[in-house]
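Peer 1: Below is the sequence, then the predicted model.
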Amino acid sequence: MSKFFYTDKPIIGLDISSTGIKIMSIDPKRWLVNGYGSLDLDPIKLKESFENETNTYLTDSIKALKQEKNIGTLTGNRVVIAIPTGRSYTRTFTLPTSAEKSLDEAVILEAEQYIPIPASTLYIDYQVIERGKKSITVLMSAVSRVILDNITRSVEAAGLQPVLIEPSVTSVGRLLTATEDGSLPTVIVDIGPASTDIAILDRGSVRVTGGIAVGGNSFTLDIAKKLNVALENAHQLKVLNGLSAGPRQQKIRDALNPNLERILAETKKVMRYYDERISNGRKLEQLLVVGGGSNVPGIGEYFTENLLMAARVASPWQKLDFGKLQEPPKQFRARYITVAGAAILQPGNIWK
C-alpha cells in the first residue's frame, strides 16, 4: 500500500496492557478527542490470548470495547497498538559510523548479546536516532513473534487494521514530549495496576527501559494488610490520603515503603545505565510519574526527596480537549495516557 493512503486517513490508538484495554480517537491537529473507552480484563485469560493462536478472548474483548464501552466516535479502523513494555525489549546503543553499512547484522548481534531468548524468535526493529561525526546512536526494539502475531491476529479479527505496533512507554513518551517538555532528558515512571515501567526519554526518543512487577494494585494490597482494612477502604486511603503529612499517612507510608523502595531501586538502576552508557554528558533534568498508580498524593515528592531531582505527576490533560464528550473521572484520567500517546501519532509520521 502506498504512503499516500496512510498519510491521508486517520488513525486511532489501542492500548493493550496486562490488565485491560483502552481505545481512543484524537484529531492530532486540534487535540480533540473524538471517542474513547476502557475495559478491564482477566490478566490470566489475556496472557493466554497472547500465547495461544486459537484463543479469542482478546478479539471478543476489543469488539466489546468498541461496541459497548466506547464514548463518542472512532474515526476509522487503522490502529496504532501499544503493547506491554514488559513484553518487549528496548535498548539504545552506539556504533561507529562505518557500521551503518552493515547495520542489520550489527543490530542482530546486539540483540543476541542483550536479549535472553533467541533472535530467531523475535521481531526486531530499529532506527538511527542520532548521528555524530564518528558514531551513530541506534534505538532497537524487539518482541516475541508469537505474542505479536497473536495480538495482530486478534486485532484484525476485531475489525481493526494495525499500522504500527510499539511498546507502551514509547506511546507515553510521545505524549509527554508534546505536553510536558519531554525534549529534556526525562525519567518516566509509569505505574500501572500490576507493574511499573521505567524509561529515559531524551530528545523525543525512549533511550532505555526497565520494569518491575509492582503496581497500583500492590499498593492497595499493602495498605489493606498493614492497616487491616478491606480492599475498597484501602484504595480510598491510597488515593485520598497517600503519602502526605499526617498520623494516618505515616501508617500508609510505612505500608507502601517496601514496594516504593523496590520501584526506586529499579529507577536508580535505569538512571545509572543512562548516565554511564548513553547520556553523552546530558544530565537528567526531571522525573515524571504517570499511569493509574500515580494517583497517590505525595508520590511526586517521594521521588524528589529520594532522588534529589525535580519530580512530579504528569498532567497532559490541559492540552487534550474532550469537546462535548463526557470526560473520564479525574481519578481515572491517568489510565488513558498511553492510549492518548498512541492516538496522537500523525499518519505521515509512521513512515519517518
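Peer 2: Arrived safely, thanks for sending. What you see is a predicted model, and the numbers here were worked out from it, not measured in a lab.

Peer 1: tell me the mean pLDDT for stretch 178-187?
Peer 2: For stretch 178-187, mean pLDDT is 84.

Peer 1: end-to-end on that stretch?
Peer 2: Stretch 178-187 has its terminal residues 15 Å apart, counting by CA to CA, to the nearest Å.

Peer 1: same deal with stretch 315-326?
Peer 2: End-to-end distance of stretch 315-326 (CA to CA): 18 Å.

Peer 1: Stretch 9-26 now?
Peer 2: 13 Å.

Peer 1: residue contacts, Thr90?
Peer 2: Thr90 sits next to 139-142, 167, 169-170, 199, 206, 208-209 when contact means CB atoms under 8 Å, 6 or more residues apart in numbering. To be clear about C-beta, it is placed using only N, CA and C from the backbone, and glycine gets the same treatment.

Peer 1: Apologies, that question was intended for Val208.
Peer 2: By CB under 8 Å, 6+ apart, Val208 lies in contact with 90-92, 199-200, 270, 273-274, 277-278.

Peer 1: Between the contacts of Thr90, which sits nearest Ala119?
Peer 2: Ala142 (7.8 Å; CB to CB).

Peer 1: and the closest one, that one's in a strand?
Peer 2: Yes: assessed by DSSP: H, G, I helix; E, B strand; the rest coil, Ala142 belongs to a strand.

Peer 1: show me what contacts it?
Peer 2: Neighbouring residues of Ala142 by CB under 8 Å, 6+ apart: 88-90, 111, 115, 119, 122-125.

Peer 1: With Glu180 as the reference, measure out to it.
Peer 2: As judged by CB to CB, to the nearest Å, Ala142 and Glu180 stand 28 Å apart.

Peer 1: now Gln326
Peer 2: The spacing between Gln326 and Glu180, counted by CB to CB, is 25 Å.

Peer 1: For the two, indicate the residue with more neighbours.
Peer 2: The residue with more neighbours, out of Gln326 and Glu180, is Glu180; 20 against 9, by other CB atoms under 10 Å.

Peer 1: For the residue of the chain positioned farthest from its centre, report the pLDDT, please.
Peer 2: Distance from the C-alpha centroid of the chain, by CA atoms, centre = their mean, peaks at Pro247 (34.4 Å). Pro247 carries a pLDDT value of 75.

Peer 1: how would you label Pro116: helix, strand or coil?
Peer 2: Pro116 is classified as coil under three-state DSSP.

Peer 1: Most neighbours among the contacts of Ala142, which one is it?
Peer 2: Neighbour-wise, these (other CB under 10 Å) top out at Ser88, 24 neighbours.
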